[in-house]
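Participant: Curious how this folds, go ahead:
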Amino acid sequence: MKIKAKYNFILTAIITGIIISIVFSVSATAGIRVEPSRYIIFTESGARITESIDVTNNSNETVDLVANFYDWDMDQDYNLETHELGTLDSSLDGYFRFNPRDFTLSPGETQTVRFTIDIPEDFESKERRGIIFVEHTEDHAHGETGTELVRQIGTTVYAIPEDLGYTMNILEEHIIKNEEGQIFGAFLTENTGDRHFRFDLEYTVINEEGKEVEQDEVDEKVLLPDMEKGVVFPLKNQLEPGEYQLNVEFTFPDTDEKLNETVDFTVGEN
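Facilitator: Numbering: from 1, shown residues only. Down below sits the predicted model:
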């Protein structure tokens, strides 16, 4: 699949803030497994796409389940935040249907749930996305009253027009140190394109003698369209006073492009 990628670099001299990336997760129904956890579908106008998820009951009880579809984005802390279907501009509302939607699973049983996306001929050239939640409602009695607890496990779905590119900007890069003396690499990244992208990050630390003193990687990150997000990671080794260089390589799962950044820094006496 051809992907267009363009990289711009904007560096600022004053720290106006570091946005800390927070890993998000969805709550899971105990004993229920849904696979896969994500669909990224590249499509064209007028296409009909049919995919499926497998829902398995690993518990010892028979459960009644229902598949629902929601809009989603990320809040200011970059946690996944769901919305009623049709709320966001990125919604797949009106394009999406399940078969089946309601079903019952005995212990050890697996149900294949198919979903179809009908892309209109006038499909706007931007990414649309949603999240499938397989939901189970539990009743909890408290004396004469009771509550309902809805447990969910989800699969995210992206529908992306073919050849839709993205733009990654690096707005700031810094070395920061906390009160305990821990050193962090920090990069403020931005997506100004019309589709999300994912990236991995590997780094090395080189001392003033040119010797590698640390090498590690950071878990995969995601940037939605029109989002700024900070990538902050600790250097794990205790560094002696001296001059150092942090070399960072960004890679992207859907392209062979790589992005390399270098930050020089000094470690002083404690």
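Participant: my guess is Arg195 meets Ser125, correct?
Facilitator: No - applying Cβ atoms under 8 Å, one finds Arg195 not in contact with Ser125, separated by 9.6 Å. For glycine as for every other residue, the C-beta is placed from the backbone atoms N, C-alpha and C.
Participant: buried ones in stretch 65-75?
Facilitator: Using 16 or more other Cβ atoms under 10 Å as the test for burial, stretch 65-75 gives 65, 67-74.
Participant: Adding secondary structure and distance to Pro253, write those out as CSV.
Facilitator: Formatted as CSV, the buried residues of stretch 65-75 follow (DSSP: H, G, I helix; E, B strand; the rest coil; distance: Cβ to Cβ, whole Å):
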residue, secondary structure, distance to Pro253
Leu65, strand, 31
Ala67, strand, 27
Asn68, strand, 28
Phe69, strand, 25
Tyr70, strand, 25
Asp71, strand, 24
Trp72, strand, 20
Asp73, strand, 21
Met74, strand, 19
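Participant: Looking at those residues, which one is closest to Leu188?
Facilitator: Met74 (15.6 Å; Cβ to Cβ).
Participant: thought that closest one was touching Pro225?
Facilitator: No - here Met74 does not reach Pro225: they are 11.1 Å apart, not a contact under Cβ under 8 Å.
Participant: Turn the buried residues of stretch 65-75 into CSV, including distance to Lys236.
Facilitator: As requested, these are exported to CSV (distance: Cβ to Cβ, whole Å):
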residue, distance to Lys236
Leu65, 42
Ala67, 42
Asn68, 42
Phe69, 41
Tyr70, 38
Asp71, 38
Trp72, 33
Asp73, 32
Met74, 27
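Participant: Domain-wise, how is the protein divided?
Facilitator: 5-21+165-267, 32-161 (automatic domain parsing).
Participant: now the ones you listed as CSV including mean pLDDT?
Facilitator: Output for these, formatted as CSV (pLDDT from 0 to 100):
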stretch, mean pLDDT
domain 5-21+165-267, 83
domain 32-161, 87
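Participant: State the distance from the residue minimising distance to the centre of the chain to Glu208.
Facilitator: Centroid check for the chain by Cα atoms, centre = their mean gives Val222 as the closest residue, at 4.2 Å. Separation of Val222 from Glu208 (Cβ to Cβ, to the nearest Å) stands at 36 Å.
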